[in-house]
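Student: only geometry, no sequence info:
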DNA sequence: TTAATAATGCAACTCAGTTGCATTTATATT
DNA sequence: AATATAAATGCAACTGAGTTGCATTATTAA
């Protein structure tokens, strides 16, 4: 849980500091849970441009600043931080009541067995259930 | 790996035996791997109606005859058989070269740790890598 | 200050999947 | 076998996430 500032993030990447990027990144850094495009648009003000927002999410993801989560709901969600799915120590929990997506890091080493001749590169796990708030 | 016939499947469900349903189910029962809507349409002949096909896939899924797989490619894939994701002994392997989706059952008991107060209901795992054919 | 480059805003598009509704078909009953 | 009824089909139009092309605008390095 290292505390990294917004400025440090921009310094490490070579992305331009635009108004939207600052707002978007703050939003994602402050958020406790993964955010959908719709949730982000809501928080940033509805006037944000759809393609600009998506392009910036893609750019942040590419830069390893955020990660995208496919929670099987049909819409992607985005969370601050880089995830190495190969290490298998990160999964996502989706509450079926409030639909909140939590990053779960408590899995020391999931051992996944694949058949002979298969080579694993990444493992993505979606856990569905009821969260502690519901 | 019990061998179940198409007729037995129809007898157990109370779905009408229509031409398309018979063709679709045979297709899924014969298929070695999970099939997308596009692949199914290809195999059934392009003249099949989109909504009819989707409705039947949904109906088969609802009846527990097939299962739908979200392999994070953006399109759902369908495979014969019921999957109890809660048992945690079934995952899906996606080959990043040929994009084939394999059902993987070799995981005796994936132990997933969730934080206190969280209740797990299902676990879905997508493994990405290279399959034995590639 | 200015030039170069990257980001933005807009509109139009793609593509998976869904919905409403009129028509047709499977099956149980006579 | 004829028929009634409920369900399945086919069609067209729609939805909603995400993308793309392009002209305009803003950031940053010189």
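Tutor: Great, that's in hand. Note that the structure is predicted; figures quoted are calculated from it, not measured.
Student: what secondary structure does residue A:56 sit in?
Tutor: State at residue A:56, reduced to three classes by DSSP: H, G, I helix; E, B strand; the rest coil: helix.
Student: Enumerate every residue touching it.
Tutor: Residues counted as contacts of residue A:56 (CB atoms under 8 Å, 6 or more residues apart in numbering or on different chains) are A:20, A:21, A:24. For glycine as for every other residue, the C-beta is placed from the backbone atoms N, C-alpha and C.
Student: okay, those residues in TSV with neighbour count and distance to residue A:122 next?
Tutor: TSV is the format used below for the contacts of residue A:56 (neighbours: other CB atoms under 10 Å in any protein chain shown; distance: CB to CB, whole Å):
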residue	neighbour count	distance to residue A:122
A:20	14	30
A:21	19	27
A:24	23	26
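Student: how about CSV for those residues, with distance to residue B:46 and pLDDT added?
Tutor: Listed next are the contacts of residue A:56 as CSV, based on distance: CB to CB, whole Å; pLDDT from 0 to 100:
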residue, distance to residue B:46, pLDDT
A:20, 43, 97
A:21, 45, 98
A:24, 43, 98
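Student: for chain A, which residue is closest to the average position?
Tutor: residue A:79 (2.6 Å; CA atoms, centre = their mean).
Student: Look at that one and give its secondary structure.
Tutor: Of the three states, residue A:79 takes strand under three-state DSSP.
Student: From residue B:52, how far out is it?
Tutor: The gap separating residue A:79 from residue B:52 is 39 Å, by CB to CB, to the nearest Å.
Student: Leaving out sequence neighbours, find the closest residue to the residue of chain A most remote from its centre.
Tutor: What lies farthest from the middle of chain A is residue A:116; by CA atoms, centre = their mean that is 32.1 Å. Once flanking residues are discounted, residue A:116 sits nearest to residue B:132: 6.9 Å by CB to CB, 6 or more residues apart in numbering or on different chains.
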